[in-house]
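1. got a sequence here, can you build the structure:
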Amino acid sequence: MDKLKKVLSGQDTEDRSGLSEVVEASSLSWGTRIKGFIACFAIGILCSLLGTLLLWVPKKGISLFAVFYTLGNIASIGSTIFLMGPVKQLKRMCEPTRLIATSLVLLCFTLTLCSAFWWHNKGLALIFCILQSLALTWYSLSFIPFARDAVKKCFAVCLA
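-> Just a heads-up that it's a prediction; the model follows:
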């Protein structure tokens, strides 16, 4: 657990920027923040799974799926606030390397909910849920060094 704490907080390297500043500035203990992260992430997964189960409900299934799936993804992304803090999370989401990915994720969240509540278009809601998954994957890859480049090269090789 100590090794995980050192790696995630940035104390394992000489560079003191990043998560180490947040660790030192946070009023929550490390254990409390890990518990909050796990709880929020688990709630996100449960909402997404519940949405998948509700997909089979007659008439309102797609709308319920879209809502719960979106809420689950929002909770999963929100869980990292426990690790970094809200200000640091927003700053990292708006960094130039992931600004487009963040915008796409938020746009997909919005369009999924709009298609479920205002437009009442089940097919569109399902398409936006799929796009939401792809956008979240691309957003998540932005936190792994060189992951996006590897995915691009893999697709280039597969399509060539």
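2. neighbours of Gln132, how many?
-> 21 (other CB atoms under 10 Å). Just so you know, the C-beta spots here come from the backbone N, C-alpha and C atoms, and that holds for glycine as well.
3. and it, what does it touch?
-> 69-70, 73, 105, 108-109, 112 (CB atoms under 8 Å, 6 or more residues apart in numbering).
4. tell me which helix or strand the most centrally placed residue in the chain sits in.
-> Centroid check for the chain by CA atoms, centre = their mean gives Ile77 as the closest residue, at 3.4 Å. Assignment of secondary structure by DSSP states H and E places Ile77 within helix 61-78.
5. which helix runs longest in the chain?
-> helix 30-54 (DSSP state H).
6. show me what it is packed against.
-> Under the contact definition 3 or more CB pairs under 8 Å, 6 or more residues apart in numbering; DSSP states H and E, helix 30-54 sits against helix 61-78, helix 80-84.
7. my read is that Gly72 contacts Cys40, right?
-> No - applying CB atoms under 8 Å as the test, Gly72 and Cys40 come out as separate, 10.7 Å apart.
8. looking at those two, which is more packed in?
-> Under the criterion of other CB under 10 Å, the comparison of Gly72 against Cys40 puts Gly72 first, with 21 against 18.
9. next one: that one from Leu46, what distance?
-> Between Gly72 and Leu46 the computed distance is 7 Å (CB to CB, to the nearest Å).
10. show me the shaky parts of this structure.
-> Across the chain, the ranges flagged by pLDDT under 70 are 1-26.
11. change it to 50
-> Applying pLDDT under 50 to the chain picks out residues 14-15, 22.
12. which residues does Ser48 contact?
-> Residues counted as contacts of Ser48 (CB under 8 Å, 6+ apart) are 68-69, 72-73, 76.
13. go with 10 Å
-> Counting by CB atoms under 10 Å, 6 or more residues apart in numbering, Ser48 touches 65, 68-73, 75-76, 129, 133.
14. go on, Phe37?
-> Phe37 neighbours (CB under 10 Å, 6+ apart): 78-84.
15. turn the contacts of Ser48 into TSV, columns for distance to Trp30.
-> TSV is the format used below for the contacts of Ser48 (distance: CB to CB, whole Å):
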residue	distance to Trp30
Phe65	36
Phe68	31
Tyr69	31
Thr70	30
Leu71	27
Gly72	26
Asn73	26
Ala75	21
Ser76	21
Cys129	35
Ser133	31
